[in-house]
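> Next one to model:
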Amino acid sequence: MTVLPDDGLSLAAEFPDATHEQWQRLVEGVLRKSGKDVSGSAAEDALSTALEDGLSTRPLYTARETAPDAGYPGFAPFVRGGTAAGSAAAGWDVRQRHATTDPAGTNETVLADLENGVTSLWLGVGPGALPVSGIERALDGVFLDLAPIALDAGGEVGPAARELFRLYEERGIPKDTAHGTLGADPLGHEARTGERLDPAAAIELARLCGQEYPNLRALAVDALPYHEAGGSAGQELGASLATAVSYLRELTEAGLTVEAACAQIEFRYAATADQFLTIAKLRAARRLWARVAEVCGAPDAGAQRQHAVTSPVMMSRRDPWVNMLRTTVACLGAGVGGADSVTVLPFDHSLGLPDAFARRIARNTSTILIEESHLARVIDPAGGSWYVERLTDELAHAGWEFFQEIERAGGQAAALRSGLIGERLAATWAERSQKLAKRREPITGVSEFPNLTERPVERVAPPAEASGGLPRVRRDEAYEILRSRSDAHLASAGTRPRVFLAALGPAAAHTARASFASNLFQAGGIEAVHDPVSVDATTAADAFTASGATVACLCSSDALYEEQAEAVAEALKSAGAQRVFLAGRPAEYTAVDAYVFAGCDAVSVLSSTLDHMGVA
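Alright, predicted model coming up:
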């Protein structure tokens, strides 16, 4: 390698340092051109993006941002990773979920996964999943000393764990080579089903693992029930921390040391397509657990073991292929955030049992990120980013605040049973639902760029999910209801409900708003049709009648609306239009019934429109 001599020259020597105030003034100028006369910090606020938990993403982060020292990987507060080497040696653990009732079929998919990149198995056991008696058949041919097993057995965790122990003994597996987690999570089970479990079984398993199976963890703190009930990242952190503290109290009361109790707990978090929020959440989770361990007098025991799962809430049923993009970004966030194990849900997860192709794509997502993108080769690659460090700190405070609220209510069990947690999560979801309804949070393939001609992806129906506890929500649920109404109409009438787009003037005047309106109506399953030739008051009636639509929407510029909107709307009403919309909101017109514009409540508009059309 040739080393160039240091001649004392700097490429930036002739350029003065830019100041924050100069940048603000440039922002002010840009905003002023768009009609916003703001200055100073208000200019930055105008470009900020609101997040949940009262947080926001600023447009610019600099070295002036303050955040606590993140420390070093493998050392308290473990923000940068639970181990010094992170996942640099072999990448994160690729954990695939299996939750079918057929032991033979499970065995087939288990072996296929292990032969093609999966490094550990997550087995759903119990009602609606693998029976305890089928565990042996499901794990036939699996090298249990090489493949860690994570159980998710709910109320049957005791029998499932004993069956796994029997297999270890029968197959001659040394106890110190058995890896994984038994998944005992009484409070998580209660959050899912409303059923209260005696923690005695979990305590006994923890005692046994601590004495005989040094690499098995008995308990799992599953934060997915709170995420799937609509909770924010901060609420997910707070609920998981309160659950873990509850287990810590019970384990230490049963005679385990704080160090031994901490070693028995694994945490499970959702990874979403908001990559930076996922990264910050996992880093904040480690910091929070390290703080709990420190307060309990065992600071070196606070290295949190994390299992990240791509969010079921973000998965769409329409255009499910887009889920591959969502899970890829989520997996990236989980890996960069330092998760020890990552489960990528198949893209058809919301439709039923995944097929072989979907499972292959799911496991290959991690493989490509690890082997080809080399994401695991750098320890905490997001560390040092002013934005990530600040967001990590803010999320940690939000999570701690919710944790304290739960503790003031008597702890996780009491907060669940009193309804406090459910109420807080429901309020968060209600607020987010408004953003989804107004398309402030777009869903590609559902609320944005929907495809009404897509061929449905059909899968075998999955076993019934556990219910009775916190609800399960999905981002696409409001639009899915609308699309299902459209599908039923198509099946009975042979056509979808239609809206006629009355394009006024030249293409330059109507294209943008026609595209916007088409996108919006199709999100509700309403087919948008329009005459390729611009209409006016004279031709609108004939074009509308020929379209087969029952409602219409005017699309053009504000100037042309002023000239033609009233007359064209009246002509459409005369031709039988049950409802006339106008794309945009420049003025009120007597013959126009409603307006569709950026930020309008699309779900309400679409639902009422289907009602007017007589679509059940």
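
> Strands of the stretch 451-600 of the chain, start to end?
498-503, 527-529, 551-555, 579-583, 594-596 (DSSP state E, counting those that start in this stretch).

> Residues contacting the third one, please?
By C-beta atoms under 8 Å, 6 or more residues apart in numbering, the surrounding residues in contact with strand 551-555 are 498-504, 510, 513-514, 517, 521, 528, 530, 540, 544, 561, 565, 568-569, 572, 577-583, 592, 596, 609, 612-613. All C-beta spots, glycine's among them, are computed from the backbone N, C-alpha and C.

> can you rerun that using 7 Å?
Strand 551-555 is contacted by residues 499-504, 510, 513-514, 517, 544, 561, 565, 568-569, 572, 577-583, 596, 609, 612-613 when judged by C-beta atoms under 7 Å, 6 or more residues apart in numbering.

> The fourth one too?
Counting by C-beta under 7 Å, 6+ apart, the neighbours of strand 579-583 from elsewhere in the structure are 513, 516-517, 551-555, 561, 565, 569, 572-573, 589, 591-596, 609, 612.

> do the longest one as well
Among residues not part of strand 498-503, those counted as contacts by C-beta under 7 Å, 6+ apart are 510, 514, 517-518, 521, 526-530, 534-535, 540, 544, 547-556, 568, 572.

> Thr310 and Thr106: what is the separation?
According to C-beta to C-beta, to the nearest Å, Thr310 stands 21 Å off from Thr106.

> The two - which one has more neighbours?
Thr310 (29 against 24; other C-beta atoms under 10 Å).

> before we move on, back to that, which of the contacts of strand 498-503 are buried, as a PyMOL select command?
Only the buried entries of those go into this PyMOL selection, using 16 or more other C-beta atoms under 10 Å:
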select buried, resi 510+514+517+518+521+526+527+528+530+534+535+540+544+547+549+550+551+552+553+554+555+556+568+572
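
> what stretches of the stretch 501-616 of the chain score poorly on pLDDT?
In the predicted model, the stretch 501-616 of the chain carries pLDDT under 70 at residues 532.

> Let me see the contact set for Pro186.
Taking C-beta under 7 Å, 6+ apart, one finds 197, 199, 202 in contact with Pro186.

> top of these by neighbour count?
Top of the contacts of Pro186 by neighbour count (other C-beta under 10 Å): Ala202, with 27 neighbours.

> Can you report phi and psi for it?
phi -70, psi -40 (degrees, to the nearest 10).

> rewinding a little: so which of the contacts of Pro186 would you say is closest to Arg424?
Set against Arg424, the nearest of the contacts of Pro186 by C-beta to C-beta is Leu197 (22.9 Å).

> Touching, that closest one and Gly155? I think so.
Yes: under the criterion of C-beta atoms under 7 Å, Leu197 makes contact with Gly155 at 5.8 Å.

> Give me the common contacts of those two.
Common neighbours of Leu197 and Gly155 (C-beta under 7 Å, 6+ apart) are His189.

> if I pick the residue sitting nearest the centre point of the chain, what's in contact with it?
In the chain, the residue lying closest to the centroid (C-alpha atoms, centre = their mean) is Thr272, at 3.2 Å. Contacts for Thr272 (C-beta under 7 Å, 6+ apart) come out as 278, 311, 314, 330.

> Hmm, the second one is touching Ala330, no?
I take that to be Ser311. Yes: Ser311 is within contact range of Ala330, at 6.3 Å (criterion: C-beta under 7 Å).
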